[in-house]
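S.K.: fold the stuff below for me.
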Amino acid sequence: MKLSRLAAALRLPCPVDVEITALTCDSREVTPGALFAAVPGAREDGRAYIDDALARGAGAVLCQPPAPEGVPALVTDDPRAALGALAAAFYGHPARAMTMVAVTGTKGKTTTAHMLRSILTAAGHKCGMIGTLGAFIGDEQIAEADNTTPEPIALHRTLRQMADARCTHVVMEVSSQAMKLRRVDGVDFAAACFLNLSPDHIGGSEHASFDEYRACKAALFRQCRMAIGNADDPSWPSMAAQTRPGAPVLTFGRRPGVDVRGSAIRPDGLASRLTVAGSPEPYTVPMPGDFNAIDALAAIAVSRALRVDDSAVRRGLAAASVPGRCQIFPAPAPYTVLIDYAHNGDSFRALLSALRPHTRGRIIAVFGAGGDRPVIRRADMARAAAEYADCAVLTEDNPRSEDPAAICAQIAAAIGDAIPHTTVLDRREAIRAALDMARPGDVVALLGKGHETTIETAGKRRFFSEWRVLEDYFGVQR
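M.R.: Numbering: from 1, shown residues only. Purely as a prediction, here's the structure:
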C-alpha cells in the first residue's frame with residue numbers, strides 16, 4: 001500500500017510517497033519496506049528505535065515531530081492516537097465487514113464473551129472472538145493473547161484474518177487500558193455491553209485513580225451504535241452518558257424497570273437456572289453462582305439487541321464453556337476439583353460464596369497473589385478465603401519481580417487464625433498437597449491461574465498448566 005493512502009487516512013501530509021509492505025511498533029520486527037510506528041510507551045519512547053528500524057530496512061516512520069531527516073515520515077503530535085486508524089486503513093478496514101460487539105467491565109468479560117460466541121454460533125453465524133484467552137475463529141485459536149485487547153496493528157491484522165475467513169460477527173473484550181492507550185481506534189462497534197465496575201487496575205502503569213478508570217471504560221460508548229448496560233451497577237449512568245445521540249440503549253439487571261430483568265436465580269447442581277421476566281421458562285447457565293448468571297443475563301440482553309432468535313440463545317447459553325472459569329476437572333475422585341481465574345477479593349467472594357451451597361464437605365482454596373500488582377488484593381483475597389473457605393494452601397501465582405514467600409506471608413498474616421492454612425511455594429506441590437487432604441464431598445478450588453499456562457518470575461516465564469498437574473496426579477488424559 002502506498003504511504004500516501006495511509007497519510008490520507010490520517011489527514012496528514014505525505015512529502016515522499018513509497019510502497020509500505022508491513023506495519024510494526026517493534027524495530028526488531030522490521031522487514032524491508034515496513035512502516036515503523038515510533039509510539040511512546042510506558043517505559044520507553046519509540047523514537048529511540050528509529051535508527052535501528054531504518055537500519056533494518058524500514059521504508060517510512062510514524063512519529064512525533066521533528067521528522068527524521070531524509071526519511072519518509074508521517075508526523076503527528078500523538079502517534080498512538082493515529083496508529084489505530086493507520087492499521088485499519090492498511091488492513092482494508094476489516095471491522096466494517098463484520099458485526100463488532102464489545103464487552104467491558106471489571107469482572108466477567110471473558111465469561112460473557114464466550115457465552116455470546118456460543119449463542120451466535122448456535123444461531124448459525126460464523127463468529128470470531130478476541131480477548132484474554134487469545135483470538136479465535138469458531139473454536140480454532142489463531143493467536144495468543146499478550147493483552148486482553150491487542151495493540152492496534154495486531155488487532156486489525158487479526159480482524160483481517162476473520163473477515164477473510166467470512167466471519168459475520170466478532171465478540172471482543174475491551175479493557176480500560178485498551179481505551180486509555182487507543183487500541184480500538186478505527187473500530188466502530190455495532191454494540192457495546194457494560195457489565196460492572198469496581199476499584200481495580202489502579203496504580204502503577206495502569207490508572208491514576210478510579211475516576212480515570214471509569215472514564216476510560218465510558219469512552220468505549222462513544223464508539224458504539226447501540227449500548228447495553230447493567231443498570232444495577234452505580235457506574236452505568238457514566239457509561240450511558242457517553243452514548244451517541246439517538247443510539248439505542250438497552251438495560252439489564254435485577255431491579256424493576258430494566259429492559260431485560262433477571263427475576264430469579266436458582267442453583268441446579270453446579271449450574272444455575274436463570275428466570276428472565278417475560279420469558280416462558282428459565283435459561284440454563286452451565287456454571288454456579290449469581291455472578292455467572294448475571295453475565296448470562298448480559299449475554300441474553302446483547303443477543304436480544306442483535307435480534308438473535310431465543311431458541312438459539314437458549315441452546316448457545318446451555319452449551320457455553322470457558323477455560324479456567326469455574327472449570328470442573330473430571331477427577332476420578334469422591335470430591336470436586338475446580339479451576340478458576342479469580343484473582344482479587346471481589347471475584348474470590350463471588351466464586352467461593354457460590355460454591356458454598358453446593359459443597360457437602362469443605363472448600364479447600366489453593367491460591368497466591370500476583371507480584372507487582374496492587375498489594376491490597378492480597379488482604380482482600382485472604383479475607384474472602386477466611387470467610388467462605390474451610391482451609392487454604394498458599395502458593396506462588398505470578399510473583400514477577402517480588403519474592404513469592406513474602407507475598408504468601410502477607411496473605412497468611414491477613415488470614416490469621418480464621419481458618420487453617422499452610423504455605424507450599426511450589427504451585428505443583430501445593431495442588432498435590434490440597435488433593436492429598438481432600439475428603440469425600442470436598443471442593444478443591446484452584447484459584448488465580450485459570451486459563452494461564454505459565455508462571456512469571458523475575459522477567460521469565462516457565463510452562464505451568466494446572467490441568468496438566470491434575471492429569472498427572474490422577475493418571476488421566478482428556
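S.K.: compute the number of surrounding residues for residue 280.
M.R.: 6 (other CB atoms under 10 Å). From N, CA and C alone the C-beta is placed, and that goes for glycine too.
S.K.: oh, that last question was meant for residue 96, not what I typed.
M.R.: 13.
S.K.: before we move on, what about residue 19?
M.R.: Neighbours around residue 19, by other CB under 10 Å: 10.
S.K.: equivalent analysis for residue 77, please.
M.R.: Residue 77: 8 neighbours (other CB under 10 Å).
S.K.: how much space between residue 160 and residue 453?
M.R.: Residue 160 sits 27 Å away from residue 453, going by CB to CB, to the nearest Å.
S.K.: who has more neighbours out of those two?
M.R.: A count of neighbours by other CB under 10 Å puts residue 160 above the other of residue 160 and residue 453, at 19 against 14.
S.K.: can you give me every residue that contacts that one?
M.R.: 91, 92, 94 (CB atoms under 8 Å, 6 or more residues apart in numbering).
S.K.: give the buried subset of these as a ChimeraX selection command.
M.R.: In ChimeraX syntax, the buried subset of the contacts of residue 160 is picked out as below (16 or more other CB atoms under 10 Å):
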select :91,94
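S.K.: now, which of the contacts of residue 160 sits nearest residue 52?
M.R.: Closest approach to residue 52 among the contacts of residue 160 (CB to CB): residue 91, at 24.7 Å.
S.K.: ok so, going back, in JSON lines, list the contacts of residue 160 along with secondary structure.
M.R.: Output for the contacts of residue 160, formatted as JSON lines (DSSP: H, G, I helix; E, B strand; the rest coil):
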{"residue": "91", "secondary structure": "coil"}
{"residue": "92", "secondary structure": "coil"}
{"residue": "94", "secondary structure": "helix"}
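S.K.: and of the contacts of residue 160, the nearest to residue 391?
M.R.: So of these, ranked by how close each gets to residue 391 (CB to CB), first place is residue 94, at 50.5 Å.
S.K.: isn't that closest one up against residue 156?
M.R.: Yes: Residue 94 is within contact range of residue 156, at 6.4 Å (criterion: CB atoms under 8 Å).
S.K.: what residues are shared contacts of these two?
M.R.: Common neighbours of residue 94 and residue 156 (CB under 8 Å, 6+ apart) are residue 88.
S.K.: for residue 159, helix, strand, or coil?
M.R.: Taking three-state DSSP, the label given to residue 159 is helix.
S.K.: I'd like the distance between it and residue 169.
M.R.: For residue 159, the distance to residue 169 - CB to CB - is 12 Å.
S.K.: pull the distance from stretch 414-429 to the chain's centre.
M.R.: Relative to the centre of its chain, stretch 414-429 is centred 28 Å away, using CA atoms, centre = their mean, to the nearest Å.
S.K.: what sits up against that stretch?
M.R.: So stretch 414-429 is contacted by 366, 368, 378-379, 382-383, 385-387, 389-397, 404-405, 408-409, 412, 430, 433, 449, 455, 464, 466, 469 (CB under 8 Å, 6+ apart).
S.K.: give me the distance between the two termini of it.
M.R.: The first residue of stretch 414-429 is 23 Å away from its last residue (CA to CA, to the nearest Å).
S.K.: most remote residue from this protein's center?
M.R.: Most distant residue from the mean C-alpha position of the chain: residue 70, 42.1 Å away (CA atoms, centre = their mean).
S.K.: wasn't that one part of a strand?
M.R.: No: assessed with three-state DSSP, residue 70 is coil; it does not lie in a strand.
S.K.: hang on, the earlier thing: which one's more surrounded, residue 159 and residue 169?
M.R.: Using other CB under 10 Å, the more surrounded residue of residue 159 and residue 169 is residue 159, with 30 against 22.
S.K.: please name the nearest non-neighbouring residue to that one.
M.R.: residue 94 (4.0 Å; CB to CB, 6 or more residues apart in numbering).
S.K.: give me the neighbour count for the nearest residue to residue 33 once chain neighbours are set aside.
M.R.: Using CB to CB, 6+ apart and skipping the chain neighbours, the partner closest in space to residue 33 is residue 21 (3.6 Å). When neighbours are defined as other CB under 10 Å, residue 21 has 13 of them.
S.K.: these two touch, right, residue 21 and residue 30?
M.R.: No: Residue 21 lies out of contact with residue 30 (CB under 8 Å); the separation is 10.3 Å.
S.K.: how many neighbours does the closest residue to residue 380 other than its chain neighbours have?
M.R.: The spatially closest residue to residue 380, leaving aside those adjacent along the chain, is residue 345, at 2.6 Å (CB to CB, 6+ apart). Neighbour count of residue 345, defined by other CB under 10 Å: 20.
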